[in-house]
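In: no sequence for this one, just the structure:
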């Protein structure tokens, strides 16, 4: 829920930036609308499942989840976080967007592609939104294509957009995986 809350805040901020800068094209509107529907559906489903489990009389959705995804149902049934922790986790999720935006901004400026911070924020949020809709793990491919397309719409040269996107993904996706690969390798050796 905290992740969805942070995503909803970032999405709202992105729409506000696009509305105030008059850059809300039909493509952006479609992508944002589709992701908003998916985000709202996921959140409402999670709330309904929790309420049904609290009644001790699982409805049809809970019975289906229990049959097909019992591990997920167990995680949903856990007690909710206190509000203070929920707000902290949401804030940390928002900071991830801010740090990803700052990383992209530094990369683009190092390539002499002067962009504004809010354009970079829009790029990161839209790319994350479309990447989360795709079927590939971590949004591989869809994130990169969307990020390049959004940067190109802000008149960044194709070479700089592609290099910045791949560098961003190297820092925010592949580099953090190295400790996990190392830990998994040492675990399976033993």
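Out: Structure received. The model shown is predicted, which means the values in this text are computed figures rather than measured ones. Numbers count the residues shown, from 1 in each chain.
In: contacts, neighbours, all on C-alpha from now
Out: Fine.
In: any chance you could map the helices in the chain?
Out: 2-20, 26-54, 60-68, 70-77, 83-110, 117-133, 142-153, 158-169, 177-189 (DSSP state H).
In: any idea which of those scores lowest on pLDDT?
Out: Mean pLDDT is lowest for helix 70-77 among these, at a mean of 57.
In: so what's the residue most central in space within the chain closest to, chain neighbours aside?
Out: By CA atoms, centre = their mean, the chain has its centre lying nearest to residue 128, at 4.3 Å. Once flanking residues are discounted, residue 128 sits nearest to residue 143: 6.1 Å by CA to CA, 6 or more residues apart in numbering.
In: thinking the one you found is in contact with residue 130, fair?
Out: Yes. Using CA atoms under 8 Å, residue 143 is in contact with residue 130, at 6.5 Å.
In: More neighbours: the two, which one.
Out: Neighbour count, other CA atoms under 10 Å: between residue 143 and residue 130, residue 143 has more, with 26 against 20.
In: wait, what's in contact with the more buried one?
Out: Counting by CA atoms under 8 Å, 6 or more residues apart in numbering, residue 143 touches 127-128, 130-131.
In: any idea which of these is the one closest to residue 5?
Out: residue 128 (14.4 Å; CA to CA).
In: Residue 157: what's it in contact with?
Out: Going by CA under 8 Å, 6+ apart, the list of residues near residue 157 reads residue 113.
In: what's the answer for residue 90, then?
Out: The contact partners of residue 90, by CA under 8 Å, 6+ apart, come to 2-3, 5-6.
In: Residue 108 now?
Out: Residues near residue 108 by CA under 8 Å, 6+ apart: 114-115, 160-161, 164.
In: Kindly supply the ChimeraX command isolating those of the contacts of residue 90 that are buried.
Out: Buried subset of the contacts of residue 90, written as a ChimeraX selection, criterion 16 or more other CA atoms under 10 Å:
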select :2,5,6
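In: Distance to residue 88 added to the contacts of residue 90, as TSV?
Out: Below are these laid out as TSV (distance: CA to CA, whole Å):
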residue	distance to residue 88
2	9
3	11
5	11
6	11
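In: So which of the contacts of residue 90 is the closest to residue 187?
Out: residue 3 (29.4 Å).
In: show me the contacts for the closest one.
Out: With CA under 8 Å, 6+ apart, residue 3 has these contacts: 89-90, 93.
In: Filter the contacts of residue 108 down to the buried ones, PyMOL style.
Out: Per 16+ other CA under 10 Å, the buried members of the contacts of residue 108 correspond to this PyMOL selection:
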select buried, resi 115+160+161+164
